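Q: Pasting the sequence and the predicted coordinates here, then a few questions.
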Amino acid sequence: MDLSYILNHLGEEREQYFQAVSPPIMQSSNFTFENVERMRASLQDEMDTPFYSRGCNPTVAILRKKIAALAGAEDAMIFSSGSASIAAAVLSQVQAGDHIVCVSSPYSWTNKLLTKMLSRFGVTHTFVDGTQSTNYEAAIQDNTKLLFLESPNSLTFELQDIGAVVALAKARGLITVMDNSYATPLYQQPIKMGVDIVCHSASKYLNGHSDIVAGALVASKEMTRKIFEGEFMTLGGIISPNDAWLMLRGLRTLPIRMEAVSRHTMEVVNFLHEHPKVEKVLYPFHPSFPQYELAKAQMKGSGGLFSAYFKAQDMSSMQAFCDRLERFLLACSWGGHESLIFPTCVLHQSENYRTTEMPWNFARFYVGLEDPKVLISDLSNALGAL
Ligand SMILES: *Cc1c(COP(=O)(O)O)cnc(C)c1O
């Protein structure tokens, strides 16, 4: 199935809604039936027929088909956030007494899922440096059930060799779950490499306009049904029909957004790489990146996220640099139209993050859809503060 078909037609049964080009927002919590027999039939297939919107909503159903096809998966489930999709995926696979091997420093709320929540229910974990797949192997115990990957991560971008970790898991009958938010299904399709469950924060590139929080999970039909009947319906972390519609609209332009963002980022990264006030730039598709070869082999593109260490005298000059930026907005998250900076100095001297290991001369950048010349000139000007 070609990408244009997926984004423009798949799942859109226009004859059902007046041949409208844009699908309706089916803003209804429940659906009615002509007779008992039809109601009974629908109840038997709550995942695929509209009965109650926690299970199946027609607007969300269109999105589900598109996300599954984009990822090369049999099926998909859409959630109210990326974190909800990760929690559902992991919870669905473990019980008391089980053990998880997880890449070190995953997304912060994935970390909390393992360290603060699952630990309360008797599920243990080991964090490993995932740049060597042998570290996963060494951490596997008799009670290990699940290997968790996030490649690359969204701050320092370490990769895992997905094929190698999948091979380890398959040889031992372990489940693999991977956070693929960084690469999107356009640049990396872990399902096709044998990963069992792949999660996405759709708040980032998939929606792409910084106006909704949403998530998605893709897997086999059997796996999604298991999660639907368990965690999905029980925890009920569903997307609203209105947000699903916004995401459908955002998805239409995913390929051109990703292409522009990747091209702009390379220009900005090249500028910073040469700048005397910059100590080091981290971007998986820059030849200076430690895992450049693996990145090129595993991914088709690298998108708009990169990080840099700056030659700053002290934290106040680092802060002055960030404050002087006019086009890069100071904010968390990424994947929208707007360029952003998230400096780690914000975590220092902060009550919530008293123990950050990140140095204060580090910042994560996201390059959006603006003209890279404008962004480079903004950086050039602000670097005068260092
Ligand atoms: C943002 C993010 C998440 C969480 O997604 P939400 O939609 O904010 O819940 C998970 N993983 C990564 C890598 C992210 O960047």
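A: Thanks, I have it. Numbers count the residues shown, from 1 in each chain.
Q: Next, please give the residue ranges for the strands of the stretch 151-300 of the chain.
A: 175-179, 197-201, 215-219, 278-282 (DSSP state E, counting those that start in this stretch).
Q: Point out the other helices and strands that the second one packs with.
A: Yep, that's strand 197-201 we're talking about. helix 82-91, strand 175-179, strand 215-219 (3 or more CB pairs under 8 Å, 6 or more residues apart in numbering; DSSP states H and E). Yep, even glycine has a C-beta here, placed from its N, CA and C like the rest.
Q: Looking at the strands of the stretch 151-300 of the chain, spot the one closest to the ligand.
A: strand 197-201 (3.0 Å; CB to the nearest ligand atom).
Q: ok, and what's touching the closest one?
A: Identification of contacts with strand 197-201 by CB atoms under 8 Å, 6 or more residues apart in numbering yields 67, 71, 73, 81-83, 85-86, 89, 92-93, 107, 175-181, 184-185, 190-191, 206, 214-219, 223, 227, 335.
Q: on that earlier part again, return the most buried member of the helices and strands packed on strand 197-201.
A: Comparing these by mean neighbour count (mean count of other CB atoms under 10 Å), strand 215-219 ranks first with a mean of 29.
Q: any idea how far it is from the chain center?
A: Here strand 215-219 is found 10 Å from its chain centre; the criterion is CA atoms, centre = their mean, to the nearest Å.
Q: what's the angle from that strand to strand 197-201?
A: Here strand 215-219 points in a direction 160 degrees away from that of strand 197-201 (axes from the mean of the first three to the mean of the last three CA atoms, to 10 degrees).
Q: Please list all residues in contact with whatever residue of the chain ends up closest to the ligand.
A: Across the chain, the shortest distance to the ligand (CB to the nearest ligand atom) belongs to Gly82, at 2.5 Å. Contacts for Gly82 (CB under 8 Å, 6+ apart) come out as 107, 179, 181, 199-204, 213-216.
Q: Would you check how far apart it and Ala214 are?
A: As judged by CB to CB, to the nearest Å, Gly82 and Ala214 stand 8 Å apart.
Q: mind listing what the spatially closest residue to Trp334 that is not a sequence neighbour touches?
A: Excluding its sequence neighbours, the residue lying closest to Trp334 (CB to CB, 6 or more residues apart in numbering) is Tyr366, at 3.6 Å. By CB under 8 Å, 6+ apart, the residues touching Tyr366 are 304-305, 333-335, 339-342.
Q: which parts of the helix or strand that contains Tyr136 are buried?
A: Using DSSP states H and E, the element containing Tyr136 is helix 133-139. Buried positions in helix 133-139, judged by neighbour count with 16 or more other CB atoms under 10 Å: 133, 135-137, 139.
Q: Just the mean pLDDT for it, thanks.
A: The average pLDDT for helix 133-139 rounds to 98.
Q: what do you get for stretch 359-375?
A: Averaged across stretch 359-375, pLDDT comes to 97.
Q: quick one, phi/psi of the closest residue to Lys170 other than its chain neighbours?
A: Nearest residue to Lys170, sequence neighbours excluded (CB to CB, 6+ apart): Gly194, at 6.7 Å. Gly194 adopts backbone torsions of phi 100, psi 0, taken as degrees, to the nearest 10.
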